[in-house]
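Student: No letters, just coordinates:
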C-alpha cells in the first residue's frame, strides 16, 4: 500500500507541475487573449460613431461623464457632472458641443452659446487616433493591455443587450492600486462594451457603435459647418 500511495502521489505532483507550466506558457506565448485583443484593435479602426458613459467615485466625489462622437459629421457632445459631499455639497456640471473646430456651451435656459475660444478637441481627432491605434484616454488601452497585461479569460455576460466576454487584465509594472482592469469584448464584433479600473471604482460603458446618433446642434452651427467641411 505504501508503494501504491507513493506512485499515486508522484503522478499527482507531475500532473500539477504540467498544469502550472502550461498555465505560465499561455501568458508567455500570448494565447487566445492576445489574439482576441488584436481583433479588438482591428475592429476599433472601423468605428465612426459611438457613445461612452464614465463614472468614478474618488473619495467623497461622484463623477459622471458622457461622450457622443460622430466622426462622419465631425460632431462631439461632451457632458460632465460632479457632485462633492462633505462639510458642504458642491454640484457642478458642463455641457459642450464641438462642431468641427467650434465649441458651443449649453446655457441654463437650454440654449447654446458659442465659446469664447475655439474647440480644443474634435470628433475627427478622436476617430483619427482610434483608427491609427493611438490610445486617447477614451477607449480601453487595448494595445497597452496586449503589451503589458496578463490577460485572463472570464465569463460571458450581457452589457446593454450585447453578449460579451469579460477579460481580467493585470498590468505588469502598473502603479499600486491601478494594476487590475476588466474589459468586456463583444462575442460577435470584438468591440469593447464595458471596462472597469481599480482607481476610484472607475466604470465605463461603450455603446452605439456606428449608429446614427441624434445631436441637438445649434442652428447657427449648421450652415458654417456644411460650408467648411461638407458635413452635416
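Tutor: Yep, that arrived. Since this is a predicted model, take the numbers as computed values, not measurements.
Student: which stretches of this protein form helices?
Tutor: 2-28, 32-44, 123-131, 142-148, 219-229 (DSSP state H).
Student: Ends of stretch 65-74, what's the gap?
Tutor: Counting by C-alpha to C-alpha, to the nearest Å, you get 20 Å between the two ends of stretch 65-74.
Student: can you tell me which residues contact the nearest residue in space to residue 95 that is not next to it in sequence?
Tutor: Distances taken as C-beta to C-beta, 6 or more residues apart in numbering put residue 106 closest to residue 95, at 3.5 Å, once the chain neighbours are dropped. C-betas here are computed from N, CA, C, even on glycine. Neighbouring residues of residue 106 by C-beta atoms under 8 Å, 6 or more residues apart in numbering: 94, 95, 96, 97, 112.
Student: what's the answer for residue 53, then?
Tutor: 64, 65, 66, 204, 205, 207.
Student: domains in this structure, as residue ranges please.
Tutor: The chain breaks down by automatic domain parsing into domains covering 1-30, 32-229.
Student: any idea which of these is most buried?
Tutor: Greatest average neighbour count among those goes to domain 32-229 (a mean of 16), per mean count of other C-beta atoms under 10 Å.
Student: can you give me the offset of it from its chain's centre?
Tutor: 6 Å (C-alpha atoms, centre = their mean, to the nearest Å).
Student: thinking again about what came up before, what pairs with the residue nearest to residue 95 across the strands?
Tutor: residue 112 (DSSP bridges).
Student: Just the pLDDT for it.
Tutor: On pLDDT, residue 106 comes in at 93.
Student: Against residue 93, how distant is it?
Tutor: 9 Å (C-beta to C-beta, to the nearest Å).
Student: Who are the contact partners of residue 216?
Tutor: 97, 112 are the contacts of residue 216 under C-beta under 8 Å, 6+ apart.
Student: got a list of what the closest residue to residue 111 other than its chain neighbours touches?
Tutor: Spatial nearest neighbour of residue 111, chain neighbours left out: residue 218 (8.0 Å); criterion: C-beta to C-beta, 6+ apart. Neighbour list for residue 218: 97, 99, 104, 111, 112 [criterion: C-beta under 8 Å, 6+ apart].
Student: and the two most separated of these?
Tutor: Farthest-apart pair in those is 99 and 111; separation 15.0 Å (C-beta to C-beta).
Student: residues touching residue 185, list them.
Tutor: Contacts of residue 185 (C-beta under 8 Å, 6+ apart): 36, 37, 40, 164, 165, 167, 191, 192, 193.
Student: With distance to residue 214 and pLDDT added, can I get those residues in CSV?
Tutor: Below are these laid out as CSV (distance: C-beta to C-beta, whole Å; pLDDT from 0 to 100):
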residue, distance to residue 214, pLDDT
36, 32, 95
37, 32, 96
40, 27, 96
164, 25, 98
165, 30, 97
167, 32, 97
191, 21, 98
192, 23, 98
193, 21, 98
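Student: my read: residue 162 touches residue 192, true?
Tutor: No: using C-beta atoms under 8 Å, residue 162 makes no contact with residue 192, being 10.4 Å away.
Student: returning to what we had before: show me which of the contacts of residue 218 is closest to residue 151.
Tutor: residue 97 (37.2 Å).
Student: Quick check: bridge partners of that closest one?
Tutor: residue 77, residue 104.
Student: Alright, that wraps it up for me.
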